[in-house]
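Below is the structure, and that's it, no one-letter string:
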């Protein structure tokens, strides 16, 4: 039977939360009554996540695992989700509990209306520091790219054959993929939707978003993207 939906779960050092995330993904997928799979992208973890991923795949026929030999970061993990998914559609949610798999039904109900559906934070269970730094970064992005880029949250629902090719290569170890994908999709005429969700606190493990080296790489890549999009666009 052809797989309609891939529920993709990127996981890097998520030993404390991965099993619960996969169980939630199985419950959410099963509730749709459509053929689905759960794809764990194990992103070069250094804890027990690789072995746990394999045990979950052995225990559940719907679960598959793809391992990265080393950590590729959010962009690399997200691209692997799309590359290895077998479904017509892909729903991506994190393994750390910040996005609820129960929201899948809301995204799935809109699959005929949009090619790509991003999520936007309505509320977020983060520290004040993270809220402020994230808000400032998105203001910076909107100024650089001259687009009203929403402050993305943790869930995404894409028709896989409608994910556009980016106009140029970007680093996998920075955090620029989603803003550039959003702008590219809008410019290419894809039907782009944004769904508001509540972003929860992590249910375990360590936060990985605030890292000085990652921040510097991301800001440098932002300037490169600005130059290539607005100053010297590729012909």
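Received, thanks. Keep in mind it's a predicted model, so treat the numbers as computed, not measured.

contacts, neighbours, all on C-alpha from now
Noted.

what pLDDT does the nearest residue to residue 161 once chain neighbours are set aside get?
Leaving aside its sequence neighbours, residue 161 sits nearest to residue 88 (Cα to Cα, 6 or more residues apart in numbering; 7.5 Å). At residue 88, the model reports a pLDDT of 98.

hmm, who's touching the lengthiest helix in the chain?
What stands out as the longest helix in the chain, according to DSSP state H, is helix 128-145. Residues from elsewhere that reach helix 128-145 (Cα atoms under 8 Å, 6 or more residues apart in numbering): 147-151, 179, 210, 222-223, 226, 229-230.

Where do the strands of the chain begin and end?
5-11, 36-42, 63-67, 89-92, 116-124, 152-159, 192-199 (DSSP state E).

Any stretches of the chain with poor pLDDT?
Counting by pLDDT under 70, the ranges of the chain that qualify are 123-130, 202-210, 234-235.

Next, the contact list for residue 158, please.
Residues in contact with residue 158 (Cα under 8 Å, 6+ apart) are 89-91, 115-117.

got the contact list for the residue nearest to residue 161?
3-6, 159-161.

Can you lay out these as CSV showing neighbour count?
As requested, these are exported to CSV (neighbours: other Cα atoms under 10 Å):
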residue, neighbour count
3, 14
4, 14
5, 25
6, 28
159, 19
160, 20
161, 10
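
out of those residues, who's nearest residue 34?
residue 4 (6.8 Å; Cα to Cα).

if I look at residue 192, how far off is residue 119?
Distance, residue 192 to residue 119, by Cα to Cα, to the nearest Å: 11 Å.

Comparing these two, which residue is more hemmed in?
Taking other Cα atoms under 10 Å, residue 192 and residue 119 do not tie; residue 119 has more neighbours (22 against 16).

thinking again about what came up before, just the buried subset of the contacts of helix 128-145, written out for PyMOL, thanks.
In PyMOL, a selection of the buried entries from these looks like this (16 or more other Cα atoms under 10 Å):
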select buried, resi 149+150+151+179+222+226+229
